[in-house]
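>>> structure here, sequence nowhere to be found:
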């Protein structure tokens, strides 16, 4: 069984070596999602089946109406309003080394 696992790893590495950069990036993202405990928890979380309240429906309708009438707000603008930068955003959730 160990030989089979080693052989599978070697074959996977050979496949990775043949991928173009864009596909390699996609594989890397997939791998991160597969071993990230938060991503795992989200993927296995039960579906939220709680019914929407009348207040929820009203808020959703207002948000949908607003988004049909306005351009999206860039994340950089929202962050700046909070005193943050894109670099801050990219660092959020990362474990300090």
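Alright, I've got the coordinates. Everything quoted here is computed from the prediction, not taken from an experiment. Residues are numbered from 1 along each chain as shown.
>>> tally of neighbours for residue 19?
13 (other CB atoms under 10 Å). (C-beta placed from N, C-alpha, C; glycine too.)
>>> list the contacts of it.
Contacts of residue 19 were listed using CB atoms under 8 Å, 6 or more residues apart in numbering, and they are residue 27.
>>> got the phi and psi for it?
phi -80, psi 140 (degrees, to the nearest 10).
>>> okay, it: pLDDT?
Per-residue confidence (pLDDT) for residue 19: 85.
>>> distance of it relative to residue 8?
Counting by CB to CB, to the nearest Å, the gap from residue 19 to residue 8 is 17 Å.
>>> which residues in the chain form helices?
Taking DSSP state H as the criterion, the chain carries its helices at 2-18, 21-35, 37-44, 54-69, 75-81, 86-91.
>>> got the contact list for the fourth one?
Outside of helix 54-69, the residues that reach it under the criterion CB under 8 Å, 6+ apart are residue 52.
>>> list the buried residues in that helix.
For helix 54-69, the neighbour count (16 or more other CB atoms under 10 Å) marks no residue as buried.
>>> what's the mean pLDDT across that helix?
96.
>>> what of the last one?
Helix 86-91 shows a mean pLDDT of 89.
>>> packing partners of that helix?
Here helix 86-91 touches helix 75-81, going by 3 or more CB pairs under 8 Å, 6 or more residues apart in numbering; DSSP states H and E.
>>> span of stretch 13-32 from start to end?
End-to-end distance of stretch 13-32 (CA to CA, to the nearest Å): 16 Å.
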